[in-house]
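Visitor: requesting a structural model of the entry that follows:
(2 chains)
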Amino acid sequence: MGKSLFEKVWERHTVRALPGGQVQLFIGTHLIHEVTSPQAFGMLRDLGLGVARADRTFATVDHIVPTDGRRRPYEDDLAEGMMVALEKACAEFGIRFFGPDGGKQGIVHVIGPELGITQPGMTIACGDSHTSTHGAFGAIAFGIGTTQVRDVLATQTLALAPLKVRRVEVNGRLGVGVYAKDIILHIIRTLGVNGGTGYAYEYAGSTIEALSMEARMTVCNMSIEGGARVGYVNPDEKTFAFLQGREFAPRGDAWQRALAYWKAIASDADAVYDDVVKIAAADIAPTVTWGVNPGQAIAVTERIPRAGDGKDDAESASIAEALEYMRLEGGAPIKGTKVDVCFIGSCTNGRLSDFREVARLVKGRRVAPGVRALAVPGSQEVARGAIAEGLDKVFTEAGWEWREAGCSMCLAMNPDKLVGAQLCASSSNRNFKGRQGSTTGRTVLMSPVMVAAAAIEGAVADARETFAL
Amino acid sequence: MALAAIRKISGRGVYVAGDDIDTDRIIPARFMKCVTFDGLGQYAFYDVRFEEDATPRSHVLNDARFAGAAILVSNRNFGCGSSREHAPQALAKAGFEAIIAEGYAEIFFGNSTTLGLPCVTLSGEDVRRLAARIEQAPQTQITVDLEAGTVSAGSDLVLPLSMKAAARDALLGGCWDPIAQLLEGKEASAATAQRLPYLAF
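Guide: Numbers count the residues shown, from 1 in each chain, chains lettered A, B, ... in the order given. Model (predicted):
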């Protein structure tokens, strides 16, 4: 009987069994950032422990960095304090730090792959739930809490229970104007925001195979929004081609050894899964959220659900609560909902391919009057690439603000925030209440191209119509 | 590291209704601009408890009848979203010693267990019965008994709880913080690292 990639990687990294069904699992790569690590370093110092594998630990700063200038100290004293804490900890423990001065800073889930740190068959942990992004390379990557960050720092291992594996198979050709973001929003809508609890999602099928590495990252990124802590795609020639030549990717003989390992680690054709779900690409439309969790999503052509449409009382109550918060009317079309802010960026959709695709379409078009539009590259490398291709100019000429790299308005820990009840068309991953920095701010999640269409129309729009796709 | 076993938690309850209560709701991101977890308790559920000008809103956590509750009761998929440990830390520092819900997001559940904050599960029907009792008689003593596997309210309402065996064993065994175990596995861990091809690429 064959094995899935999850089982193979899990077995390879199992140090020993622990009581209660957990195992001690070796973590190949530990990524850290300024929000969830300072307390962990504090715990380490309190316990008199050091960092076990500084060589397998990589740090950057992303959540709190301003995106309109990099002057230090930051205007926000608290942000400056977090930055200083991380710099000090990295210096004290000998950890590589990709800071804003070095040209390699960016959102941790963007720089890992781009530096070639992220590789197939690895375990990767980070104090950030979107760590599943790295699963696009066939790594088993997941978010952890701060006490677990301490565990990894101190021992390079974690105490964890194994997950079940659900193969999510998407087959067929995507329609025009339908992107990876729509695939994952559709999956979450279909399986539910807690449908993946206890599972790793293996994304497979002809649609997933046809996706670029960047698009696979978008899909894996939002696994946690469907409750799955881990999401991955089996590595293939595209994965290998993406990694070849990157700074931390193996070279020479090591490249050949790496290829052998990476090919061997992929799921066997006769692997047995705990569950299999099949989705037809043809059923996926440009998808937008209307509520306050990522599963509250509809095709842009659909109407917003009514309060009574829930399958049970609890769901109906959730719909009513979401409609009230979102100031939307049940039964109305989502298309035409006025937007105030448009945001393209984040670990979900802040990569060069995202900006390229949007630039291609917005060239010569203007952001609607009264709409604020922000384009925030996911990393300094993404920014350099975009500028080299002149994409920044396309955006600014179309009325967008072109910013510096960071998490920015995905969670608004830096100065980029919604104001009051502004509604934001956003390429990010969460539409929770207050997520974008205003306690009454509203988020509608969608693909970057749909965000661009909303910016031009000043309202939620069907990008296929706006851009005559 | 010797830890106290956590067998039984007793106290008054408060019912925070709703499915899919996310960790942004439990602790909004702006309060994560800190380098220690101290002081997070006052910000638990801040944006649903207060207006932007800090005026208290009508919310069950601002209701004097439930002040001092040690047990938080909620519904499905509690703690979804961000992996921020700030969420269970804020709840613990706000005085909660146990959580009862219909279900939990996985990262939140793990983070809470590691802090010694038990997250036990009741059926939807039993959560409704417990919530009704809390509303009717806020002074009712609720007991989460991990050994007996029950949640009891007053002398008459006894409900069967469920919990992942690993978490229950860890709490009962006083080894819910895994650091000591992990440090013990140092040699085995080095041996595992030796077998990983990519560490030698």
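Visitor: what's the spacing between A:Ala463 and chain B?
Guide: Distance of A:Ala463 to chain B, computed by Cβ to the nearest Cβ, to the nearest Å: 27 Å. All C-beta atoms are positioned from the backbone trio N, CA, C, and that covers glycine.
Visitor: contacting residues for that residue?
Guide: A:Ala463 is in contact with A:177, A:286, A:361, A:447, A:449-450, A:452-453, A:469, counting by Cβ atoms under 8 Å, 6 or more residues apart in numbering or on different chains.
Visitor: out of these, who's nearest B:Gly79?
Guide: Among the contacts of A:Ala463, A:Ser447 lies closest to B:Gly79 (Cβ to Cβ), at 27.9 Å.
Visitor: for the closest one, which residues are in contact?
Guide: Contacts of A:Ser447 (Cβ under 8 Å, 6+ apart): A:179-182, A:286, A:349, A:427, A:463.
Visitor: got the residues you listed as JSON lines, with pLDDT and secondary structure columns?
Guide: Formatted as JSON lines, these follow (pLDDT from 0 to 100; DSSP: H, G, I helix; E, B strand; the rest coil):
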{"residue": "A:Tyr179", "pLDDT": "98", "secondary structure": "coil"}
{"residue": "A:Ala180", "pLDDT": "98", "secondary structure": "helix"}
{"residue": "A:Lys181", "pLDDT": "98", "secondary structure": "helix"}
{"residue": "A:Asp182", "pLDDT": "98", "secondary structure": "helix"}
{"residue": "A:Pro286", "pLDDT": "98", "secondary structure": "coil"}
{"residue": "A:Asn349", "pLDDT": "98", "secondary structure": "helix"}
{"residue": "A:Ser427", "pLDDT": "98", "secondary structure": "coil"}
{"residue": "A:Ala463", "pLDDT": "98", "secondary structure": "helix"}
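Visitor: which SSE is the residue in the stretch 201-350 of chain A that chain B sits nearest to in?
Guide: Residue nearest to chain B within the stretch 201-350 of chain A: A:Pro250 (3.8 Å; Cβ to the nearest Cβ). A:Pro250 is part of no helix or strand, with elements assigned from DSSP states H and E.
Visitor: how about the residues of the stretch 201-350 of chain A near chain B?
Guide: Taking Cβ under 8 Å from any Cβ of the partner chain as the criterion, the neighbours of chain B within the stretch 201-350 of chain A are A:224-225, A:227, A:229, A:250, A:254, A:257-258, A:261, A:293, A:295, A:314-315, A:317-318, A:321.
Visitor: neighbour-wise, give me the winner out of these.
Guide: The member of those surrounded by the most neighbours (other Cβ atoms under 10 Å in any protein chain shown) is A:Ile224, with 33 neighbours in all.
Visitor: and the helix-or-strand element of chain B with minimal mean pLDDT, what does it pack against?
Guide: Lowest on mean pLDDT, DSSP states H and E among the helices and strands of chain B sits helix B:165-172, with a mean of 94. Secondary-structure packing of helix B:165-172 (3 or more Cβ pairs under 8 Å, 6 or more residues apart in numbering or on different chains; DSSP states H and E): helix B:106-114.
Visitor: does the next helix-or-strand element following the helix it packs on reach chain A?
Guide: Note on helix B:106-114: by DSSP H and E, the next helix or strand toward the C-terminus is strand B:119-121. No - on the criterion Cβ under 8 Å from any Cβ, strand B:119-121 is out of touch with chain A, staying 11.5 Å away.
Visitor: now strand B:119-121, how far from the centre of its chain.
Guide: 8 Å (Cα atoms, centre = their mean, to the nearest Å).
Visitor: show me what that strand is packed up against.
Guide: strand B:98-101, helix B:106-114.
Visitor: pipe those into CSV and attach distance to B:Phe37 and mean pLDDT per row.
Guide: Output for these, formatted as CSV (distance: least, Cβ to Cβ, whole Å; pLDDT from 0 to 100):
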stretch, distance to B:Phe37, mean pLDDT
strand B:98-101, 17, 98
helix B:106-114, 11, 97
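Visitor: closest one to A:Ala307 among these?
Guide: Taking Cβ to Cβ, strand B:98-101 is the member of the helices and strands packed on strand B:119-121 nearest to A:Ala307, at 23.5 Å.
Visitor: list the contacts of that closest one.
Guide: B:9, B:11, B:13, B:70-76, B:78, B:91, B:112, B:117-122, B:127, B:130, B:142, B:144, B:151, B:161.
Visitor: partner strands of it, with direction?
Guide: Note on strand B:98-101: by DSSP bridges, its sheet partners are strand B:71-73 (parallel), strand B:119-121 (parallel).
Visitor: where's that strand relative to the chain centroid, distance-wise?
Guide: Its chain's C-alpha centre and that of strand B:98-101 lie 6 Å apart, by Cα atoms, centre = their mean.
Visitor: got it, and stretch A:197-208?
Guide: 15 Å.
Visitor: ditto for stretch A:388-400
Guide: 24 Å.
Visitor: would you mark the buried spots in it?
Guide: By neighbour count on 16 or more other Cβ atoms under 10 Å in any protein chain shown, the buried set for stretch A:388-400 is A:391-392, A:394-395, A:398-400.
Visitor: what of stretch B:165-185?
Guide: Neighbour-count burial for stretch B:165-185, counted by 16+ other Cβ under 10 Å, picks out B:166-172, B:175-179, B:181-183, B:185.
Visitor: for those residues, work out which two are farthest apart.
Guide: Spatially, the most separated pair among those is B:Arg168 and B:Leu183, at 23.1 Å (Cβ to Cβ).
Visitor: if we can go back for a sec, so what's the residue of the stretch 201-350 of chain A closest to chain B up against?
Guide: Each residue near A:Pro250 by Cβ under 8 Å, 6+ apart is listed here: A:257-258, B:198, B:201.
Visitor: closest to A:Phe6 among these?
Guide: Using Cβ to Cβ, B:Tyr198 comes nearest to A:Phe6 of these, at 16.8 Å.
Visitor: quick check, the closest one in contact with A:Gly28.
Guide: Yes - when contacts are counted by Cβ atoms under 8 Å, B:Tyr198 is listed as touching A:Gly28 (6.4 Å).
Visitor: give me the common contacts of these two.
Guide: A:Met122.
Visitor: the two: who's more crowded?
Guide: More crowded of B:Tyr198 and A:Gly28, by other Cβ under 10 Å: A:Gly28, with 24 against 19.
Visitor: give me the neighbour count for the nearest residue to that one once chain neighbours are set aside.
Guide: Leaving aside its chain neighbours, A:Gly28 sits nearest to A:Met122 (4.0 Å; criterion: Cβ to Cβ, 6 or more residues apart in numbering or on different chains). Using other Cβ under 10 Å, A:Met122 is surrounded by 26 other residues.
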